[in-house]
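**Q** What would the 3D arrangement of this be:
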Amino acid sequence: MTAVGIPKLKVRVKKAKPVAACAVEMSTLVTCWSSFSSDDRRCAAAAKALTSCMQTARPSVAKPNSINYHLARLGRQVLGK
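**A** All right, here's what the predicted structure looks like:
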């Protein structure tokens, strides 16, 4: 606790880096296109894999407010900032 009796409220959680959905398939397709042409039949399998991945990928869900948001909101009310 601080000298005035109000504790300092700080919580910082390390954020995990999000992994892009279908990143491997996209990379494979772009690599194939750079090696050959975008119309080459050899890239059809990579294009089909990317298409199927994009169709089955889930959209990201909005996360609820974090503890840091609530602590900052309460800190403004308590400290009057």
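
**Q** Next one: A21, what pLDDT does it get?
**A** If you check A21, the pLDDT there is 84.

**Q** Look up the closest residue to it, ignoring the ones flanking it.
**A** A57 (4.1 Å; CB to CB, 6 or more residues apart in numbering). Bear in mind the C-beta positions are built from the backbone N, C-alpha and C, glycine included.

**Q** and the one you found, how far is that from K14?
**A** Distance, A57 to K14, using CB to CB, to the nearest Å: 25 Å.

**Q** ok, which stretches of this protein are helices?
**A** Using DSSP state H, the helices of the chain run over 23-35, 44-56, 67-79.

**Q** The last one: which residues count as buried?
**A** Put plainly, it is helix 67-79. Within helix 67-79, no residue qualifies as buried by neighbour count (16 or more other CB atoms under 10 Å).

**Q** Compare A57 and K14 (neighbour count), which wins?
**A** Counting neighbours by other CB atoms under 10 Å for A57 and for K14 shows that A57 has the greater number, 12 against 5.
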